[in-house]
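>>> Attaching a predicted model along with its sequence, questions to come.
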Amino acid sequence: MTPARRARLAWLHRWAGLVTGWAAFAIFFTGTLALFDTELTRWMQPETALIPQDSQLTSYAMDRAQQILLENDHAGAPPSFLLLPEPRDPTLRVLHYDGHSFVGPTLDPQTGQTIPVRQTEGGNFFFHFHYTLRIPSPWGERLVACIAFAFAAIVFSGVLLHLKRLMPDYFTLRLKASMARSLLDIHVLTGSTMLPFHIMITWTGLILTAENALPVIQLDQPSLAQADIAPQGTPHWAPQASLNLMLQQTRTRLGIAPSYVLFDDGKTTLSAIRQNSLNSNDLSATFDSQSGEFLSKTKDASQIEDAFYILNGLHLARSMGPLLRWLWFGGGLASTIMVGSGLIYYTARQKKQPAYTFHLAQRLNIALIGGLVTACLSIFVFNRLIPAFWAARSTLEVTGFFGIWAVCLLLAMTLPVNRSWRIIAGTTGMLGLAIPAIDGCTAPLAAWGTPLHLSVNSLCALTGLTAIGSLRILSGQARHD
């Protein structure tokens with residue numbers, strides 16, 4: 001590669017990364033958390049810990065769910081859908097979209113009794129933030145699509161820049177070197193070791209977001225959100241025929257148990273997620289809502305459609321098993337660290353630039369990187385400290401998240417750089433270490449010691465320890481700048 005071409009690639013990599021880097025960090029970080037959105041929702045509703053993991057759906061519970069659907073329909077409520085028990089969430093949920101989140105009663109899958117759970121957006125908050133940045137539709141999706149295109153250029157240019165040293169970079173990490181040198185090593189190491197994952201997640205994300213940027217292709221795939229907001233062709237959407245009989249027929253025709261049930265245009269569709277699979281094309285059986293007559297089931301997808309569904313499954317990891325999900329979680333963390341270290345490295349190399357530009361980049365790093373981690377931990381704290389049955393508590397959690405993030409931005413912009421970073425890192429450390437203690441004091445006894453709560457609390461504590469440990473690099477010249 002000629003020096004001129006290398007200089008152009010470096011310019012593209014540097015400026016595309018700087019312009020989109022802070023948003024890309026938020027997208028990667030919340031997307032990594034969203035891999036376990038269902039589990040986070042259960043953690044944020046500790047009352048569900050009373051339900052055994054292997055609970056089976058009974059006909060009585062299904063009848064109770066159908067009764068709730070009919071009552072909601074007669075009361076003029078918007079269309080609901082059912083989430084049936086599965087290994088990731090053993091409860092039976094009757095949900096509808098209220099314009100902000102999915103809300104509705106949670107039932108015991110064996111008795112059909114309503115479980116008094118606290119209302120929260122749960123892990124769906126991180127999933128929604130990941131692909132919209134909480135910007136109103138369709139502008140949020142379009143912005144994320146543009147960032148995905150820019151990030152593809154960043155990955156491509158980064159690979160070309162480091163192609164000759166790809167193998168040596170696997171074994172290079174000089175933590176005792178200067179700040180800039182250590183950051184560059186971390187940036188290149190996380191980029192090179194997880195390069196296949198970065199390429200896969202970037203290009204599958206591109207394919208998924210391309211529809212938002214250029215809405216041309218629409219595949220006929222049931223959608224929970226669309227089912228709630230789509231115009232209905234009949235005055236009543238709730239099924240009159242027995243859902244239990246439809247459930248039995250679906251198990252026979254599809255060969256696997258359904259995962260969710262949608263109601264639309266006088267039809268009831270029971271769909272099954274292909275567990276431990278990379279294919280996100282759910283199997284479905286459709287019935288007439290009034291008579292219960294079987295109408296159709298999923299047709300075999302074409303090769304092009306199958307390719308799209310596999311790419312969809314690779315990115316969303318919705319139907320993956322626990323092992324692959326944790327591998328994707330590790331890859332997401334590596335991507336997050338790669339983006340964050342790249343932004344801080346750029347700042348560390350800009351000391352010769354005008355003071356205003358240099359300090360602004362420093363402060364944005366502190367606010368948008370450190371502040372986001374602090375805000376994400378705070379939403380777990382708010383989930384436990386806000387009274388369980390407080391009105392609009394899910395809105396308070398989200399408001400608290402953005403409030404903490406705004407406070408971090410204010411601190412970063414008004415206080416000296418080193419002081420604001422110490423305050424935010426210290427706060428992050430205290431929040432991370434406090435979450436296990438708060439959970440132990442507020443969660444039901446049945447939740448203590450469960451793998452779910454141990455995993456979430458351990459990761460929060462590890463994040464807190466990492467934040468406190470990062471304060472040690474602020475001594476002498478080895479500070480943020």
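Thanks, I have the structure now.
>>> Quickly list the domain ranges of the protein.
Using automatic domain parsing, the domain parsing of the chain gives 1-36+123-220+322-349, 52-120+221-302, 353-481.
>>> could you dump those domains to JSON lines with distance to M44?
(Each C-beta comes from the backbone N, C-alpha and C, glycine too.) Output for these, formatted as JSON lines (distance: least, C-beta to C-beta, whole Å):
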{"stretch": "domain 1-36+123-220+322-349", "distance to M44": "7"}
{"stretch": "domain 52-120+221-302", "distance to M44": "5"}
{"stretch": "domain 353-481", "distance to M44": "5"}
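>>> To L316, which of those lies closest?
Comparing the domains of the chain by their distance to L316 (C-beta to C-beta), the top pick is domain 52-120+221-302, with 6.3 Å.
>>> if we can go back for a sec, let me have the domains of the chain in CSV, extended by distance to F308, mean neighbour count and mean pLDDT.
Below are the domains of the chain laid out as CSV (distance: least, C-beta to C-beta, whole Å; neighbours: other C-beta atoms under 10 Å; pLDDT from 0 to 100):
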stretch, distance to F308, mean neighbour count, mean pLDDT
domain 1-36+123-220+322-349, 7, 18, 83
domain 52-120+221-302, 9, 17, 88
domain 353-481, 31, 17, 88
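>>> Looking at these, which is nearest to N312?
N312 lies closest to domain 52-120+221-302 among those, at 4.3 Å (C-beta to C-beta).
>>> Start and end of stretch 41-61, how far apart?
21 Å (C-alpha to C-alpha, to the nearest Å).
>>> can you list contacts of it?
84-85, 87, 89-92, 106-112, 115-118, 120, 122-124, 244, 247, 380, 383, 388, 439, 442-444, 446-447, 450, 452-453, 456 (C-beta atoms under 8 Å, 6 or more residues apart in numbering).
>>> before we move on, back to that, which one of the domains of the chain lies nearest to L311?
Closest of the domains of the chain to L311 is domain 1-36+123-220+322-349, at 4.7 Å (criterion: C-beta to C-beta).
>>> what helices or strands is the helix or strand where L462 lies leaning on?
L462 belongs to helix 451-470 when assigned by DSSP states H and E. Helices and strands touching helix 451-470, by 3 or more C-beta pairs under 8 Å, 6 or more residues apart in numbering; DSSP states H and E, are helix 37-43, helix 371-385, helix 417-442.
>>> The nearest residue to A425 once chain neighbours are set aside: what's it in contact with?
Distances taken as C-beta to C-beta, 6 or more residues apart in numbering put A467 closest to A425, at 4.8 Å, once the chain neighbours are dropped. Contacts here follow C-beta under 8 Å, 6+ apart; on that basis A467 touches V373, A425, G426, T428, G429, G432.
>>> Please, where are all the helices along the stretch 201-350 of the chain?
Remark: helices assigned in the stretch 201-350 of the chain by DSSP state H, counting those that start in this stretch are 224-229, 243-254, 303-316, 322-348.
>>> check contacts around S80.
The contact partners of S80, taken as C-beta under 8 Å, 6+ apart, are I68, L69, N72, V94, L95, H96, G104, D228, A238, F263.
>>> rerun at 6 Å
With contacts defined as C-beta atoms under 6 Å, 6 or more residues apart in numbering, the neighbours of S80 are L69, N72, V94, H96.
>>> Equivalent analysis for P444, please.
P46, A49.
>>> What segments of the stretch 101-250 of the chain are strands?
Secondary structure of the stretch 101-250 of the chain, counting by DSSP state E, counting those that start in this stretch: strands at 102-103, 106-107, 114-115.
>>> could the ones you listed be laid out in TSV, adding distance to F197?
TSV is the format used below for the strands of the stretch 101-250 of the chain (distance: least, C-beta to C-beta, whole Å):
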stretch	distance to F197
strand 102-103	30
strand 106-107	35
strand 114-115	38
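>>> right, so of these, which gets closest to L195?
With C-beta to C-beta as the criterion, L195 lies closest to strand 102-103 of the strands of the stretch 101-250 of the chain, at 36.2 Å.
>>> Distance from the chain centre to the top helix by length along the chain, please.
Looking across the chain with DSSP state H, the single longest helix is helix 3-34. Taking C-alpha atoms, centre = their mean, to the nearest Å, one finds helix 3-34 lying 20 Å from the centre of the chain it belongs to.
>>> how close does D300 sit to S280?
Remark: distance between D300 and S280 (C-beta to C-beta, to the nearest Å) = 15 Å.
>>> Likewise for P239?
26 Å.
>>> Equivalent analysis for G266, please.
Where S280 is concerned, G266 sits at a distance of 27 Å (C-beta to C-beta).
>>> Phi and psi next, for the closest residue in space to P90 that isn't next to it in sequence.
Here the nearest residue to P90 in space, its sequence neighbours aside, is S55; by C-beta to C-beta, 6+ apart that works out to 4.4 Å. S55 has phi and psi values of phi -60, psi 140 when expressed as degrees, to the nearest 10.
>>> From E47, how far out is S55?
Counting by C-beta to C-beta - S55 and E47 are separated by 14 Å.
>>> same check, this time on A317
27 Å.
>>> Those two: who's more crowded?
A317 (21 against 18; other C-beta atoms under 10 Å).
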